[in-house]
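# what follows is a predicted protein model with its sequence.
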Amino acid sequence: MIDQFDKITCNGCKACKDICPTSAIHYETDNEGFWYPEVDYDRCVSCGFCVKRCPNKTLVKRHERQPEIKAAWSKDDKVRLASTSGGMFYELARVILLNGGYVAGCVYDRDLKGAHHTVIHSMDELPPLMVSKYVESDTEGVYPTVRSLLEQGKGILFVGSPCQCAGLYSYLNRDYEKLIVVDFLCRGANSPKAHRKYIEYLETKYGAEITSLRSKDKRNGWERFGQSAVFANGREYFADHREDLRVVAYHHGNLMARPSCLACKFKTIPRLSDLTLGDFWGIDASEVNDIDKGISLVFINSKKGQNLWNALSDRVSFIDKTLEDAKRGNAAIYRSASCSKNRETFLKELDSCPFDELVKKYREYPKHGIKYYLSAIKRKIKGRVRGRS
Ligand SMILES: Cc1cc2nc3c(=O)[nH]c(=O)nc-3n(C[C@H](O)[C@H](O)[C@H](O)COP(=O)(O)OP(=O)(O)OC[C@H]3O[C@@H](n4cnc5c(N)ncnc54)[C@H](O)[C@@H]3O)c2cc1C
């Protein structure tokens, strides 16, 4: 059954839980803070669906056409600055919501110590879904909600990591005309336990509960993004991406990565989703005037994706690009992240040691070849220092 697995082959999408016809599967977290399936053998009827339809074992669906690639950004500066990249998620969601549809995406938990998927139906509910949350999002219950809406004939846009999108397809097990699936280029999902420890470290340092958290804060520009937070006592935190300890733990050794993200099976071209979003790190500043507000990378993977893209009309600016342009500066397209040898120790010691001390102890400086340093010098001369996720 599905509980007989090597951790590298379970991405925690939770599709098996919802696929199981006798509700024999539930999820428990391991000591690294990632959830994995457990089977209640009193309920299990050995149908084997959990294994047969696990997206990590059987890739359910893949489009046949090669993606059309765009560098794109919202013409609305407020949207762009409030988004991670160029605000394309907001623009796509807006079209769906204004046409009476639904959007499923990721929001932080109320205490900001975790994240989960939810379904919304109005523009007022959209802001909390915006911006990347660099922690694994809990999809518990969202796939059945999406199916129920589709069965009622409603339109829905589902946004998630590539493995969560694969999990949705696997659960639905058939096509629905009114479903649009959007994934993103993904460096990897981070441990919910590590995220919680990071928030607790900030709360201790600032002496109050956290009330808001923003990743990829663009106050110094998209390429010089930072991390910010506000606390109940009114104090504010901002750190450049080279200083914020969570970004450091992510970028320098992937200390918080889910094991399956280190051997991701969903970095395929063609992709599984209708549209794929990311940061267009490979764009040249001379091509766009205001690069510092953020540029999205868009893959149009299917006819449905093309139709939604066409509906964005004059709210979006874009430049046609090639896959080679996209790959330049964005390894997440084709390569799983590698992790430091300290990853396991880091996650284990989170139980006994403060987050900041552990990051300082175990962060790993990337080893780059001469080509990397030459291009970094070139970029510095051009006045640009780039982020990478
Ligand atoms: C964990 C993670 C790793 C990423 N790694 C890369 C990378 O290596 N390279 C790259 O180019 N881009 C990466 N991205 C994608 C990028 O950060 C932006 O999310 C994407 O470009 C969309 O930006 P936007 O401005 O259009 O929308 P935004 O307003 O940023 O919208 C983000 C969308 O993603 C969903 N989302 C946010 N966090 C999560 C989560 N934890 N799990 C599932 N869904 C979530 C939200 O619901 C929303 O729909 C990553 C995103 C995440 C969440």
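Perfect, I can see it now. Numbering: from 1, shown residues only.
# show me which residues of the chain are close to the ligand?
Applying Cβ under 6 Å from any ligand atom, we find that the chain lies next to the ligand at 83-90, 105-106, 115, 129-135, 137, 159-161, 184-187, 189, 277-279, 296-297, 330, 332, 389. Heads up, the C-betas are built off the backbone N, CA and C, glycines and all.
# please narrow those to those residing in strands.
105-106, 115, 137, 159-160, 184, 277-279, 296-297 (DSSP state E).
# farthest pair within these?
Largest separation among these by Cβ to Cβ: Ala115 and Leu297, giving 22.5 Å.
# about what we covered before: filter the residues of the chain next to the ligand to the buried ones?
Burial by neighbour count, 16 or more other Cβ atoms under 10 Å: within those this picks out 83-90, 105-106, 115, 129-135, 137, 159-161, 184-187, 189, 277-279, 296-297, 330, 332, 389.
# my guess is Arg224 meets Glu243, correct?
No - at 11.2 Å, Arg224 and Glu243 do not qualify as touching, with contact defined as Cβ atoms under 8 Å.
# the more surrounded of the two?
Neighbour count, other Cβ atoms under 10 Å: between Arg224 and Glu243, Arg224 has more, with 16 against 11.
# quick one: the more buried one from Asp279, how far?
Counting by Cβ to Cβ, to the nearest Å, the gap from Arg224 to Asp279 is 13 Å.
# ok, Asn220 next?
From Asn220 across to Asp279, the span is 16 Å (Cβ to Cβ).
# low-confidence ranges in this protein?
Low-confidence segments of the chain (pLDDT under 70): 59-61, 366-373, 375-376, 378-389.
# domain parsing for it?
7-52, 61-384 (automatic domain parsing).
# can you lay out those as JSON lines showing distance to Met1?
As requested, the domains of the chain are exported to JSON lines (distance: least, Cβ to Cβ, whole Å):
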{"stretch": "domain 7-52", "distance to Met1": "5"}
{"stretch": "domain 61-384", "distance to Met1": "16"}
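# can you mark which positions in the longest helix along the chain are buried?
Ranked by residue count under DSSP state H, the longest helix found in the chain is helix 192-206. Neighbour-count burial for helix 192-206, counted by 16+ other Cβ under 10 Å, picks out 192-199, 201-203, 206.
# cool, and stretch 330-345?
The neighbour-count check on stretch 330-345 (16+ other Cβ under 10 Å) flags 330-333, 336-337, 339-340, 342-343 as buried.
# how long is it from one end to the other?
For stretch 330-345, the first and last residues are 28 Å from each other (Cα to Cα, to the nearest Å).
# please apply the same query to stretch 13-26.
12 Å.
# residues contacting that stretch, please?
2-3, 27, 35, 37-45, 47, 49-51, 53-55, 138-140, 143-144, 163-164, 166-168, 170-171 (Cβ atoms under 8 Å, 6 or more residues apart in numbering).
# next one: that stretch to chain centre, how far?
Its chain's C-alpha centre and that of stretch 13-26 lie 23 Å apart, by Cα atoms, centre = their mean, to the nearest Å.
# same check, this time on stretch 305-313
Counting by Cα atoms, centre = their mean, stretch 305-313 is centred 22 Å from the centre of its parent chain.
# next one: stretch 295-315
So, by Cα atoms, centre = their mean, the centroid of stretch 295-315 is 19 Å from its chain's centroid.
# return that stretch as CSV; C-alpha atoms alone will do.
Extracted in CSV, the C-alpha atoms of stretch 295-315 (Å, rounded to 0.1, in the frame of the first residue of the first chain):
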residue,chain,number,x,y,z
ILE,A,295,8.8,40.1,-14.6
SER,A,296,6.9,36.9,-14.9
LEU,A,297,7.9,34.0,-17.0
VAL,A,298,4.8,32.4,-18.6
PHE,A,299,4.6,29.0,-20.3
ILE,A,300,1.4,28.5,-22.3
ASN,A,301,1.1,24.8,-22.4
SER,A,302,-2.3,24.0,-23.8
LYS,A,303,-5.3,25.3,-25.7
LYS,A,304,-7.1,26.1,-22.5
GLY,A,305,-4.1,28.0,-21.3
GLN,A,306,-4.0,29.8,-24.6
ASN,A,307,-7.6,30.9,-24.3
LEU,A,308,-7.1,32.2,-20.7
TRP,A,309,-3.9,34.0,-21.8
ASN,A,310,-5.9,35.6,-24.7
ALA,A,311,-8.5,36.9,-22.2
LEU,A,312,-5.9,39.0,-20.3
SER,A,313,-6.1,41.4,-23.3
ASP,A,314,-4.8,44.9,-22.6
ARG,A,315,-4.0,44.5,-18.9
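# what pairs with the residue of the stretch 101-250 of the chain found nearest the ligand across the strands?
Using Cβ to the nearest ligand atom, the single residue of the stretch 101-250 of the chain nearest to the ligand is Gly105, 2.7 Å away. Counting by DSSP bridges, Gly105 is bridged to Thr118.
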